[in-house]
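S.K.: Take this sequence and fold it.
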Amino acid sequence: MDILRLNTGFYPFVILIAVICIIHPVLADGGTVTISYRGAGGYTIGDVITFDGRNTVSNTTLLKISGYGLPDAGVPLYDLNGIPGSGNTVSVSPDGSWKFVWYSANAAGIEKMTTARYTFIAVDLTNPEKMGSTSVLMKKPEFYINPQVSAANPGHYVEISGIAEQGVTYVIIEITDSESRILHTFVSPVSGTGDFSYEFHVDMQPGQYTVRVSNPSLANALTSIFTVVPFETSTPVSTIPGVTPTLAETVPVLTGSSPDQTQPSAPVASFTPSTPLSPLTPVAGLALAGLIALAGSAGKRKY
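M.R.: I've put the predicted structure just below:
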């Protein structure tokens with residue numbers, strides 16, 4: 001009878017312990033972060049790459065890139081000159097999924113990348129220990145603009161520079177308007193190492209224009225959108241990659257702004273301390289008051 005009573009109480013206890021052992025790791029895990037990309041496994045620097053994944057930890061994912069020429073802690077995908085450890089943020093959908101489209105040609109510091117395998121890291125913004133990563137083989141093209149032209153104000157100059165590594169001696173630069181009419185044609189020499197750089201004067205009206213760089217012996221041509229904006233709608237040129245002003249000027253933020261970038265910052269307070277009084281000032285004041293009193297009493301005795 002005692003054995004039967006022990007068995008009826010023992011089996012529920014064993015089942016309870018088993019359930020706890022199964023549930024506990026799940027509860028302790030607290031969610032996961034994953035990242036993947038769409039494609040065959042290789043891209044050319046300047047391509048558009050789509051990343052996606054899941055984040056069941058919180059509602060914000062932080063994306064970083066690391067690899068050859070970049071800090072081990074990673075930098076934002078849109079600022080390869082950024083602070084190590086910082087990144088671009090992307091919102092997480094209610095179902096835990098996220099998606100990020102990287103227009104790599106618009107990344108500041110893209111010239112740091114070369115033909116190599118780079119690691120793309122996704123971490124949870126509030127729990128950095130929750131992370132996932134994937135690697136992508138990035139190939140440096142034989143012909144590219146570096147950096148891309150973006151925007152400028154009328155009357156100023158911008159510089160187009162890049163690499164043409166196929167032995168050409170010059171490149172043709174064409175500026176066309178929204179109706180594909182060629183407004184300007186420039187010829188830039190290419191150095192023996194393949195570098196080229198050309199600066200032109202912005203004399204077009206505000207609007208969007210296309211910059212096309214080509215050579216008859218090159219199979220592909222490079223194009224980018226160039227925006228001319230009036231002064232009153234502009235923001236500091238230092239925020240725009242790809243613009244080399246000859247004067248202090250302002251330009252607008254790139255069309256199709258990149259996702260937010262988290263950068264650690266610390267406000268610095270400044271103040272101007274007041275000048276301290278000399279320790280002899282009270283003594284001088286008392287002496288002056290005494291002289292005034294003596295002069296007043298002497299005047300009364302005289303009259």
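
S.K.: Near the closest residue to F231 other than its chain neighbours, how many other residues are there?
M.R.: Excluding the flanking residues, the one nearest F231 by Cβ to Cβ, 6 or more residues apart in numbering is N153, at 5.5 Å. Heads up, the C-betas are built off the backbone N, CA and C, glycines and all. Residue neighbour count, defined by other Cβ atoms under 10 Å, stands at 23 for N153.

S.K.: Kindly report the same for the one 10 residues further on.
M.R.: Here the number of neighbours of I163 (other Cβ under 10 Å) works out to 19.

S.K.: quick one: which helix or strand includes it?
M.R.: Assigned by DSSP states H and E, I163 falls within strand 157-164.

S.K.: partners of that strand in the sheet?
M.R.: strand 143-145 (antiparallel), strand 195-201 (antiparallel) (DSSP bridges).

S.K.: For that strand, buried residues please.
M.R.: Of the residues in strand 157-164, those with enough neighbours to count as buried (16 or more other Cβ atoms under 10 Å) are 158, 160-164.

S.K.: Repeat that for stretch 40-48.
M.R.: Neighbour-count burial for stretch 40-48, counted by 16+ other Cβ under 10 Å, picks out 43, 45-47.

S.K.: Could I get those residues in a markdown table, plus columns for secondary structure, pLDDT and distance to T210?
M.R.: Written out in a markdown table, the entries for the buried residues of stretch 40-48 read as follows (DSSP: H, G, I helix; E, B strand; the rest coil; pLDDT from 0 to 100; distance: Cβ to Cβ, whole Å):
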| residue | secondary structure | pLDDT | distance to T210 |
| --- | --- | --- | --- |
| Y43 | strand | 90 | 23 |
| I45 | coil | 86 | 21 |
| G46 | coil | 82 | 16 |
| D47 | coil | 87 | 19 |
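
S.K.: Just to check, R38 is in contact with G53?
M.R.: No. Here R38 lies out of contact with G53, judged by Cβ atoms under 8 Å, at a distance of 11.4 Å.

S.K.: And this protein, what are its domain boundaries?
M.R.: If the domains of the chain are taken from automatic domain parsing, they occupy 36-139, 143-254, with pieces of a single domain joined by a plus sign.

S.K.: Could you identify which of those is most buried?
M.R.: Most buried of the domains of the chain, by mean neighbour count (mean count of other Cβ atoms under 10 Å): domain 36-139, with a mean of 18.

S.K.: now the end-to-end length of that one.
M.R.: End-to-end distance of domain 36-139 (Cα to Cα, to the nearest Å): 19 Å.

S.K.: what about the stretch 151-300 of the chain, any weak spots by pLDDT?
M.R.: Applying pLDDT under 70 to the stretch 151-300 of the chain picks out residues 165-166, 232-300.

S.K.: Show me where it has its strands.
M.R.: For the stretch 151-300 of the chain, the strands identified by DSSP state E, counting those that start in this stretch occupy 151-152, 157-164, 170-176, 182-189, 195-201, 207-214, 222-228, 235-236, 250-251, 261-262, in order along the chain.

S.K.: Turn those strands into a markdown table, including distance to E129.
M.R.: What follows is these, written out as a markdown table (distance: least, Cβ to Cβ, whole Å):
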| stretch | distance to E129 |
| --- | --- |
| strand 151-152 | 40 |
| strand 157-164 | 40 |
| strand 170-176 | 48 |
| strand 182-189 | 50 |
| strand 195-201 | 44 |
| strand 207-214 | 44 |
| strand 222-228 | 39 |
| strand 235-236 | 36 |
| strand 250-251 | 40 |
| strand 261-262 | 17 |
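
S.K.: between those, which one is nearest to K139?
M.R.: K139 sits nearest to strand 157-164 of all those, at 13.3 Å, using Cβ to Cβ.

S.K.: what's the angle between the closest one and strand 170-176?
M.R.: 140 degrees (axes from the mean of the first three to the mean of the last three Cα atoms, to 10 degrees).

S.K.: Find the pair from the buried residues of stretch 40-48 with maximum spatial separation.
M.R.: Greatest spatial distance in the buried residues of stretch 40-48: Y43 and G46, 8.7 Å, computed using Cβ to Cβ.

S.K.: who touches both of these two?
M.R.: Shared between the contact lists of Y43 and G46 (criterion: Cβ atoms under 8 Å, 6 or more residues apart in numbering) are residues S104.

S.K.: Report the contact partners of G109.
M.R.: Remark: with contacts taken as Cβ under 8 Å, 6+ apart, G109 is in contact with 75, 79-82, 241.
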